[in-house]
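# coordinates only, sequence not included:
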């Protein structure tokens, strides 16, 4: 087993959606940073994903497009930009992960029931085993976080530290 | 990391407590059997735990003491009998697991908020990392299952298959 | 029967976790102080427990480590510092209580589902009878207080006053 | 402190009110019998209380008036018949308990929010300390049991065993 961590769409723009959404993102970031630290110590890939959407002015060069400063990003992290919910769709990520021998992806980020869940489903299509890190996914609606955690394979941070 | 699976107190006597309790046990056993199959394929220890309590006639030789036939037990499994909630208390299990180099215990069985949770806390005291297998713990009260899964480190079966 | 009161981890640092957590602690402290007054009047031991954790800078000398000023502590109280959830683990508390002839421990403090519950399970392993004082345990999540009170032996303050 | 146990109105007639009521009574009786055994071992008084109401044909000689066979009654138990909710009202019970030096009453039985609660309030008027035994009171409406346990001083059976 070789796992990679995906940090999906924790971009500045999304903190402005609502206070509940910003709170959900802040809470998730604590788990994301703990997990990325763990993956880097284990020499396992960390992938930072950003969403691009012309219509919403969510494009490189705009501050809203940038990953939140609260997320710890390092020089060795992989970076991808996507235009679909599914992080594997037309991004080259699949090839990169297969090259690295990755067969399992631990998913974190935003938005739980949209891009995170689409990436989860996308991983299944590619025979990559997806796992949601509990506490590390955010949404406008906290109930959606709970629901996504209920319908997917999940692991808590402490259990992941033990099993990885 | 080396993990062992603990299958706690799935004994015939407890199916008679109530229909809800029997249903909870039956549902958990499906996960227990899938997990024990996984551990055996990986050559990792499976430990079958039974509770002994003189006062309730829960003693070797009585049918109520036996592990349910629905639980798949194999010749190579470790067997222990306990008299405390904590499976590590006066059972010799700690020594057996340390000898085998086990540092992580995946917990399943009955009763979620009593013997399983006592064993979880007991593992922490011994610097063994405890993880609850989601869906694999049973209780008289289904709400207690949910709660124990909430306050502990957990992993789902699919995630465990990927990570082990 | 001889009981001791344990006041677990009501340390300054934990008030900063969230407003809900601070509120839960403040509410519990009223019961803790009433109970410690009762135990002292009865010449029964009061034990003040503090958690030490290097990684979080929760160490003697740091203000976050200190017991909250709102908790009434007296010169004759026993003091222990622990590094596990279980207050009996590597603290010498077991020996102290056995010397004093204590066979029952009334538990109060923080955090209900972690250190308090770990200490409850730890007491069972030592054949000390643990009892939770209702209203006197705190948590980040009030629902966890309710649940811990549901799965343990409990007594209300007024009933304890009558029975002690 | 000297406690007496009151077993209030567990009479055959009340099992016919509804299935929920019969279930509530059956569940309470397990706790009642465990508690009465404990009180007898400690040589503490057990008081069996029966309600008499002419209008409902709930009178001595009618089978509905009798205490349920499931309740363990012994020759040395005190017996009283009441016509008010409050077991102390015009029954002579106060005098009997004062003679015996009782200052605390542990209450069990039926119906939680009526006769049990009236007796609780009556005890307060007499400077007898009332305590509800958790799990040992029954009602037509289970929510009422929960509510009475919430507004009164309570103790669980295990805690009572430790403290008595």
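Nice, thanks for sending it over. Everything quoted here is computed from the prediction, not taken from an experiment. Residues are numbered from 1 along each chain as shown, chains lettered A, B, ... in the order given.

# When you work out contacts or count neighbours from here on, use the C-alpha atoms and nothing else.
OK.

# could you pull out the strands for chain A?
Counting by DSSP state E, chain A has strands at residues A:3-8, A:46-51, A:78-82, A:104-110, A:129-138, A:154-155.

# looking at these, which is buried most?
strand A:154-155 (a mean of 28; mean count of other C-alpha atoms under 10 Å in any protein chain shown).

# what about it and chain B, any contact?
Yes. Contact of strand A:154-155 with chain B (C-alpha under 8 Å from any C-alpha of the partner chain) involves A:154, A:155.

# Tell me, how many residues neighbour the residue of chain A at minimum distance from chain C?
Nearest residue of chain A to chain C (C-alpha to the nearest C-alpha) works out as residue A:27 at 12.2 Å. The local packing of residue A:27 (other C-alpha atoms under 10 Å in any protein chain shown) involves 15 other residues.

# For it, give its distance to chain D.
34 Å (C-alpha to the nearest C-alpha, to the nearest Å).

# how about the residues of chain A near chain B?
Residues of chain A that fall close to chain B, judged by C-alpha under 8 Å from any C-alpha: A:1, A:104, A:129-131, A:153-159, A:162-164.

# follow-up on the earlier one: in CSV: the strands of chain A, plus distance to residue B:114 and mean pLDDT.
Formatted as CSV, the strands of chain A follow (distance: least, C-alpha to C-alpha, whole Å; pLDDT from 0 to 100):
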stretch, distance to residue B:114, mean pLDDT
strand A:3-8, 34, 98
strand A:46-51, 39, 98
strand A:78-82, 45, 97
strand A:104-110, 32, 98
strand A:129-138, 24, 98
strand A:154-155, 23, 98
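
# residues near the nearest residue to residue A:103 once chain neighbours are set aside, how many?
Counting by C-alpha to C-alpha, 6 or more residues apart in numbering or on different chains, residue A:103 lies nearest to residue A:128, which is 5.0 Å off, once chain neighbours are set aside. Using other C-alpha under 10 Å, residue A:128 has 20 other residues around it.

# cool, residue A:111 as well?
Neighbour tally, residue A:111, other C-alpha under 10 Å: 25.

# Ramachandran angles for it?
Per-residue torsions, residue A:111: phi -100, psi 130 (degrees, to the nearest 10).

# so it touches residue A:142, yeah?
No. The pair residue A:111 / residue A:142 is not scored as a contact, 10.5 Å apart, by C-alpha atoms under 8 Å.

# ok now do the residue of chain A closest to chain C, which residues does it touch?
Applying C-alpha atoms under 8 Å, 6 or more residues apart in numbering or on different chains to residue A:27 gives the contacts A:135, A:136, A:138.

# what sits against the first one?
This means residue A:135. Counted by C-alpha under 8 Å, 6+ apart, residue A:135 has contacts A:27, A:28, A:31, A:156.

# Where helices are concerned, which of those residues count?
A:27, A:28, A:31 (DSSP state H).

# Nearest to residue D:121 among these?
residue A:27 (47.7 Å; C-alpha to C-alpha).

# how close does that closest one get to residue A:14?
Between residue A:27 and residue A:14 the computed distance is 14 Å (C-alpha to C-alpha, to the nearest Å).

# Of all residues in chain A, which one is closest to chain B?
Residue nearest to chain B within chain A: residue A:155 (4.4 Å; C-alpha to the nearest C-alpha).

# contacting residues around residue A:142?
A:20, A:24.

# need the contact list for the residue of chain A at minimum distance from chain D.
Residue nearest to chain D within chain A (C-alpha to the nearest C-alpha): residue A:143, separated by 27.3 Å. Not one residue lies near residue A:143 by C-alpha under 8 Å, 6+ apart.

# do residue A:88 as well
Contacts of residue A:88 (C-alpha under 8 Å, 6+ apart): A:94, A:119, A:122, A:123.

# Just among those residues, which is most surrounded?
Within the contacts of residue A:88, residue A:119 tops the neighbour count with 23 neighbours, counted by other C-alpha under 10 Å.

# pLDDT score for the residue lying closest to it once chain neighbours are set aside?
Spatial nearest neighbour of residue A:119, excluding adjacent residues (C-alpha to C-alpha, 6+ apart): residue A:86 at 4.2 Å. If you check residue A:86, the pLDDT there is 97.

# which residues of chain A score low on pLDDT?
Low-confidence segments of chain A (pLDDT under 70): none present.

# go again using 90 as the cut-off
A:55-57 (pLDDT under 90).

# tell me the helices in it, going along the chain?
Under DSSP H, chain A gives helices at A:19-41, A:93-99, A:117-125, A:142-151, A:157-163.
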